[in-house]
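S.K.: Pasting the sequence and the predicted model now:
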Amino acid sequence: MCSKLVIRLNGCIPFRHRNSEGSEDANTGKIVEVLMINSTSGPGLLFPKGGWENDETVQEAAVREALEEAGVRGELMDFLGYHQFKSKTHQDEFCPEGLCKAAMFALFVKEELESWPEMNTRKRTWLTVPEAVDSCRHAWMRDALENGFSKWYAERMMTAGENISVEH
């Protein structure tokens, strides 16, 4: 068995705020939505993620992946945690089980591009958090959403005193 987990991926959970149905007040009744993209290798949805180049930080790579895969730009907010997963593509003599970890971040989306590098192979979908939980292709991404993003977001909103829901 592998003695250590290697950070192999970075990614982000892109999010935005949307007014709930029938709410005219910009400060109440907001719902958070997260952006997911289709997998190119099977069913289910994913958050933008990937490796990083030698000349960039993990944070810079997370922002780049969001742009390349999902066509969004925004503000990288906070680190949400490391999430473990098994990878068939990262099995080697040092780690035959393919145990890896991904560094995940929250990205507040400020711009959706009409054209982006992977637009011909990726479709993006805005979902409420419960919808996204049900749509996650990988258990580790579901964990990142439920135990990383949702907890971070709830704490952030309580601190700010805002009325924005991750439920619906």
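M.R.: Looks like it arrived, so ask away.
S.K.: just for the chain, where's the confidence low?
M.R.: In the predicted model, the chain carries pLDDT under 70 at residues 1-7, 21-29, 86-98, 161-168.
S.K.: So which residues of it form helices?
M.R.: Using DSSP state H, the helices found in the chain span residues 58-65, 129-135, 139-143, 150-160.
S.K.: For the shortest one, which residues meet the burial criterion?
M.R.: Right, the one you point to is helix 139-143. By 16 or more other Cβ atoms under 10 Å, the buried positions in helix 139-143 come out as W140, M141, R142, D143. Yep, even glycine has a C-beta here, placed from its N, CA and C like the rest.
S.K.: Looking at those, which is nearest G74?
M.R.: Nearest to G74 among the buried residues of helix 139-143, counting by Cβ to Cβ, is M141 at 18.8 Å.
S.K.: Please convert the helices of the chain to a markdown table, extending it with distance to P14.
M.R.: Output for the helices of the chain, formatted as a markdown table (distance: least, Cβ to Cβ, whole Å):
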| stretch | distance to P14 |
| --- | --- |
| helix 58-65 | 10 |
| helix 129-135 | 11 |
| helix 139-143 | 13 |
| helix 150-160 | 13 |
